[in-house]
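*Asks:* Provide a 3D model corresponding to the input given below.
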Amino acid sequence: MSARRDPGVAVVTGASSGIGAELARQLAARGHSIVLVARRVQRLEKLAAELRERHGVAVEIAPCDLADRQQRAGLCAELAAREVEVLCNNAGFPVCGPVAAAGTAEQIAQVEVDVVAVHELTQAVLPGMLARGRGALLITGSNAGEQPVPTAAVYAASKAFVNSFTQALHEELRGTGVRCTLLAPGPVRTEFSRVGGVEAIEGAWRLSWLPPDRVAAAALRALDRDRRMVIPGLVSKAQAYGGRYAPRAVLFPVLRAFILPRLRAALVTSTAK
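*Replies:* Below is the predicted model:
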């Protein structure tokens, strides 16, 4: 009987919390060696120690601010030189509020992380995967990428790029042995809303907020099956398809009546703290 193949190295960006940390845990449970990428070194070290102790796998940390082009270039060069079996392109963050009121630097950093880093990291590992005839790309987009979102205009536009890019890449890779899946979650209980300055929004639509471990598990199951796209949760599916297919003449009045007042209230509440 032939020996079981080593599952190989899995790289997870945005691994310091939320979906990224859960993806790292579940990939380590499968026996993958893990490379954890994020800015917050102490969190990465803590998670790395947990994964080594619990699963007995090799874990490296790769501290990197993905908004910094020089740091990102170094990470891309390192990954291009390795045999990466799985890349979870998960890092991302929102800047919430009107475009004119949000800081220009913050919005540019958001595009660097949510768009440019996704593209560059994918390009770094893809040639090696194609040469080996195997590999897997899991890229985290969002329900927000299925429609314009006033007060999160740059975030929604960034995720529209990710959603489109990943699904097109899935089709390009058909028959190559390289899998590619888009994870497009709705609301997930992570630090996302706090980072975006809308933490109070978590009090609304309580039933639609999913735990990150459930989202990560659904994502990896979909990647195993080489599905083009996965949207965990029935409410999130309804949100995504409603945003995608609703005429804009209908969508924007709905947003003005129900969604935007809650986002604005959350922004005011967070600012007042």
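*Asks:* Please enumerate the helices of the protein.
*Replies:* With helices called from DSSP state H, the chain shows them at 18-29, 41-55, 69-80, 104-111, 117-132, 153-172, 192-195, 212-224, 234-245, 248-254, 260-272.
*Asks:* Quick check: which of these is nearest to residue 179?
*Replies:* Counting by C-beta to C-beta, residue 179 lies closest to helix 212-224 out of those; the figure is 6.0 Å. Glycine gets a C-beta too; all of them are placed from N, C-alpha and C.
*Asks:* Deepest-packed of the helices of the chain, please.
*Replies:* Of all these, helix 18-29 has the most neighbours on average by mean count of other C-beta atoms under 10 Å, namely a mean of 24.
*Asks:* what's that helix in contact with?
*Replies:* With C-beta atoms under 8 Å, 6 or more residues apart in numbering as the test, helix 18-29 has contacts from 10, 12-15, 34, 36, 38, 47, 50-51, 54-55, 57, 59, 86, 88, 90-91, 138, 140, 183, 185, 188, 190-192, 212-213, 215-217, 219-220.
*Asks:* Just give me how far that helix sits from the chain centre.
*Replies:* 12 Å (C-alpha atoms, centre = their mean, to the nearest Å).
*Asks:* Sketch out the low-pLDDT regions of this protein for me.
*Replies:* 1-5, 190-208, 258-273 (pLDDT under 70).
*Asks:* List the buried residues in stretch 61-69.
*Replies:* 61-68 (16 or more other C-beta atoms under 10 Å).
*Asks:* Same question for stretch 134-147.
*Replies:* 135-147.
*Asks:* For it, C-alpha coordinates in PDB please.
*Replies:* Backbone C-alpha positions of stretch 134-147 (Å, rounded to 0.1, in the frame of the first residue of the first chain) are rendered in PDB as follows:
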ATOM      1  CA  ARG A 134      -2.600  20.400  -8.000                       C
ATOM      2  CA  GLY A 135      -3.400  23.100  -5.400                       C
ATOM      3  CA  ALA A 136      -6.300  25.000  -4.000                       C
ATOM      4  CA  LEU A 137      -7.300  28.700  -3.800                       C
ATOM      5  CA  LEU A 138      -9.900  29.800  -1.300                       C
ATOM      6  CA  ILE A 139     -10.600  33.500  -1.700                       C
ATOM      7  CA  THR A 140     -12.900  35.400   0.700                       C
ATOM      8  CA  GLY A 141     -15.200  37.900  -1.000                       C
ATOM      9  CA  SER A 142     -18.500  39.000   0.500                       C
ATOM     10  CA  ASN A 143     -22.200  39.300   0.000                       C
ATOM     11  CA  ALA A 144     -21.500  43.100  -0.100                       C
ATOM     12  CA  GLY A 145     -19.800  42.500  -3.500                       C
ATOM     13  CA  GLU A 146     -23.200  41.500  -5.000                       C
ATOM     14  CA  GLN A 147     -24.600  45.100  -4.900                       C
END
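*Asks:* wait, doesn't residue 229 sit right on residue 171?
*Replies:* No: distance between residue 229 and residue 171: 11.4 Å, which falls outside the contact criterion (C-beta atoms under 8 Å).
*Asks:* if we can go back for a sec, quick one: which of the buried residues of stretch 61-69 is nearest residue 245?
*Replies:* Looking across those and measuring by C-beta to C-beta, the closest to residue 245 is residue 66, at 32.3 Å.
*Asks:* how much space between residue 83 and residue 37?
*Replies:* 17 Å (C-beta to C-beta, to the nearest Å).
*Asks:* In a markdown table: the helices of the chain, plus distance to residue 179.
*Replies:* Formatted as a markdown table, those follow (distance: least, C-beta to C-beta, whole Å):
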| stretch | distance to residue 179 |
| --- | --- |
| helix 18-29 | 14 |
| helix 41-55 | 22 |
| helix 69-80 | 18 |
| helix 104-111 | 27 |
| helix 117-132 | 9 |
| helix 153-172 | 8 |
| helix 192-195 | 26 |
| helix 212-224 | 6 |
| helix 234-245 | 21 |
| helix 248-254 | 33 |
| helix 260-272 | 35 |
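*Asks:* For residue 122, give its distance to residue 21.
*Replies:* 21 Å.
*Asks:* again with residue 174
*Replies:* From residue 174 to residue 21 the distance is 31 Å (C-beta to C-beta).
*Asks:* do the same with residue 27
*Replies:* For residue 27 relative to residue 21 (C-beta to C-beta), the value is 11 Å.
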